[in-house]
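>>> here is my input; please provide its structure:
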Amino acid sequence: MLSATAGSRLRTGNHSEHAGRLQVIIPYTTPKLTRAALAAAAGMARGLHIETILLAVHIVPYPLPLHYPDVPLARLREQLEAFVSASGMSCGVRLVLARDREQALRQMLRGRALVVVATRKRWWRTREERMARGLSRAGHGVALVKV
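Residues are numbered from 1 along each chain as shown. Model (predicted):
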């Protein structure tokens, strides 16, 4: 796993000012589901002092080295910045290059983080529900939002 930028923050800010705050992590899944998770996190965070982070894991195929993904990093950053700007939320962004999404998510989460995952309402278990279950089993707090 490789962090895309030093500190992997696309939004400027002093990292020490967020020390001790509860982190709310929103894994980027699809645009629609991620917007729903951001909205749910905003509702949960109303009146609280938390740090909200959109965590995007870009999968790099095995023939390529992790340092050279199949899409330029600048393009990925621009897309994520535009997505967060359009949401209207004050949110940090972390971009991670990895081979496995769930493993990268588990490695990037701090112990006190709350993960907000949105999923579609289906009678079968969705990919997002499987991801949330795996994170929960790993000991992370997970809020599942059904859309």
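>>> can I get the lengthiest strand in the chain in PDB, CA atoms only?
In the chain, taking DSSP state E as the definition, the longest strand is strand 50-59. Coordinates of each C-alpha in strand 50-59 appear next as PDB, following Å, rounded to 0.1, in the frame of the first residue of the first chain:
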ATOM      1  CA  ILE A  50     -15.000  15.900  14.600                       C
ATOM      2  CA  GLU A  51     -12.700  15.400  11.700                       C
ATOM      3  CA  THR A  52     -14.400  14.100   8.600                       C
ATOM      4  CA  ILE A  53     -12.200  12.300   6.000                       C
ATOM      5  CA  LEU A  54     -13.100  10.900   2.600                       C
ATOM      6  CA  LEU A  55     -10.800   7.900   2.100                       C
ATOM      7  CA  ALA A  56     -10.400   6.900  -1.500                       C
ATOM      8  CA  VAL A  57      -8.500   3.700  -2.300                       C
ATOM      9  CA  HIS A  58      -7.300   3.400  -5.900                       C
ATOM     10  CA  ILE A  59      -6.500  -0.100  -6.900                       C
END
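>>> after that strand, which helix or strand is next?
helix 73-87 (DSSP states H and E).
>>> same for that following helix, what does it pack against?
helix 31-45, strand 50-59, strand 92-98 (3 or more C-beta pairs under 8 Å, 6 or more residues apart in numbering; DSSP states H and E). Where C-beta positions appear, they are placed from N, C-alpha and C, glycine not excepted.
>>> avg pLDDT for it?
Mean per-residue pLDDT for helix 73-87: 87.
>>> likewise stretch 98-115?
pLDDT averaged over stretch 98-115 gives 84.
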